[in-house]
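1. pasting a predicted model and its sequence here:
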Amino acid sequence: MTELETALAAALSRRNGERLTVTGLTRLSAGASREAYAFEATDSSGAVQKLILKRDPPGSPQDPQSDDNRFGADRATEAAILDTAHRAGVPAPEMIFLAEPEDGVGTGFVMQALEGETLPQKILRDENLDTARARLPVQLGEALARLHAIPPDGIPGLRTFTLDDHLKAFRRVLDDYGQPQPGFEYGLQWLHRRRPPTEPLVFAHGDYRMGNIMVDESGLAGILDWEVGHRGDRHIDLSWPSVRAWRFGRDETPLAGVGQRADFLAAYEAAGGKPVDPTVVHYWEVLGTLRWGIMCMTIGQQFTSGRERSVEKAVIGRRVAETELDFLMMIDPV
């Protein structure tokens, strides 16, 4: 056993009151700022649990207010978010335990591993998932209504991101970029001029889209990647899955590449979500498109500055102009 497997086995054994063994520890792709490992835990009866360890890389900043962490929750808050969502009946992985320093597994948590497909291209094209795709717009709407019904004040450490916070963040990134971006400047002015009425803030996932869901042959099997969960406007979740980048080329089905916005929003309302104004959803979809464009810009800059010589970051950076055209067509269609 590796050192990490030994530490995980000991941590699980202490919490379960019996000796467990850990095998099959495998590093997963989890981005540059987080680490994730899949493994199996076996108890004395031979029963096997498939689990995931998600943690900060060793030596990474631990201050949740540091620049490296300002756009995401720390691991303790993410664990609380995940646990709250699962207990509320949202299809989220079950929390197993939040790591303590004495566990020796790093700053993170262990959660249930769900079964299903996460690769968008396969979800959108696999013939075996035809039925699942047809069900997804309604299932995504129903799950989101349950999520937004969770009282945000009950989640310790949950941050607040209002519309003002988003617009100020865009302004700050554009000012710091050092190169003119007239399309983004125009889009930001458009968003300021057309601000919708303020609504009460809800518990929002913040990255609710194709790529962060798991699908099996019956449909929605799980919602993943909760690290940007926050107290915010519900429209960020109602609009983000329809942003063109998350359709993966299937523009005829703008809701996550699998269906129509109207079916998703109708299911959301039918499951208890407050009535939705499509014009406000459109506003937030424009905002989301600008958000993705600015993300592409900053990711690309990591490559051009020489900080990270990653082909993936270079490819994403090249999508800035594409995203700029997307939101300009949304606000000034021809």
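-> Perfect, I can see it now. Residues are numbered from 1 along each chain as shown.
2. my guess is Pro93 contacts Leu224, does it?
-> Yes: proximity of Pro93 to Leu224 meets the contact threshold set by CB atoms under 8 Å, at 7.5 Å. C-beta coordinates here come from the backbone N, C-alpha and C atoms, glycine included.
3. what segments of this protein are strands?
-> Taking DSSP state E, the strands of the chain run over residues 21-28, 35-42, 48-55, 95-98, 108-112, 160-161, 202-204, 213-216, 219-223, 230-232.
4. can I get the ones you listed in CSV with mean neighbour count?
-> Converted to CSV, the strands of the chain look like this (neighbours: other CB atoms under 10 Å):
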stretch, mean neighbour count
strand 21-28, 14
strand 35-42, 18
strand 48-55, 19
strand 95-98, 19
strand 108-112, 23
strand 160-161, 14
strand 202-204, 24
strand 213-216, 21
strand 219-223, 21
strand 230-232, 22
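5. so which of those strands is nearest Leu174?
-> Closest to Leu174 of those, according to CB to CB: strand 160-161, at 17.8 Å.
6. name the residues that touch that closest one?
-> 201, 206, 230-232 (CB atoms under 8 Å, 6 or more residues apart in numbering).
7. how about the closest residue to Phe39 other than its chain neighbours, what does it touch?
-> Nearest in space to Phe39, with sequence neighbours left out and distances taken as CB to CB, 6 or more residues apart in numbering, is Leu25 at 4.4 Å. Applying CB under 8 Å, 6+ apart, we find Leu25 in contact with 2, 4-5, 8, 37-39.
8. try it again at 6 Å.
-> Leu25 is in contact with 5, 37, 39, counting by CB atoms under 6 Å, 6 or more residues apart in numbering.
9. ok, of these, which one's closest to Trp190?
-> Nearest member of these to Trp190, counting by CB to CB, is Tyr37, at 43.5 Å.
10. separation between the closest one and Leu158?
-> Distance, Tyr37 to Leu158, by CB to CB, to the nearest Å: 26 Å.
11. report the buried residues of the lowest-mean-pLDDT helix or strand in the chain.
-> Between all helices and strands in the chain, the lowest mean by mean pLDDT, DSSP states H and E belongs to helix 311-317, at a mean of 77. By 16 or more other CB atoms under 10 Å, the buried positions in helix 311-317 come out as 313, 316-317.
12. kindly report the same for stretch 198-214.
-> Within stretch 198-214, the residues that count as buried by 16+ other CB under 10 Å are 201-214.
13. let me see the mean pLDDT of it.
-> Stretch 198-214 carries an average pLDDT of 96.
14. what comes into contact with that stretch?
-> Counting by CB under 6 Å, 6+ apart, 114, 116, 118, 120, 148, 150, 152, 221-225, 228-232, 234, 236-237, 240-241, 246, 256-257 sit against stretch 198-214.
15. first vs last residue of that stretch, how far apart are they?
-> Using CA to CA, to the nearest Å, the end-to-end distance of stretch 198-214 comes to 32 Å.
16. in the stretch 51-200 of the chain, which spans are helices?
-> Listed in chain order, the helices of the stretch 51-200 of the chain (DSSP state H, counting those that start in this stretch) span 75-87, 120-125, 130-148, 163-177, 182-193.
17. out of these, nearest to Asp251?
-> helix 120-125 (12.0 Å).
18. quick one on the thing from earlier: pull the most distant pair out of the buried residues of stretch 198-214.
-> Distance extremes for the buried residues of stretch 198-214: the farthest pair is Leu201 and Met214 at 27.2 Å, using CB to CB.
19. with distance to Gln49 added, can I get the buried residues of helix 311-317 in JSON lines?
-> Formatted as JSON lines, the buried residues of helix 311-317 follow (distance: CB to CB, whole Å):
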{"residue": "Lys313", "distance to Gln49": "35"}
{"residue": "Ile316", "distance to Gln49": "35"}
{"residue": "Gly317", "distance to Gln49": "40"}
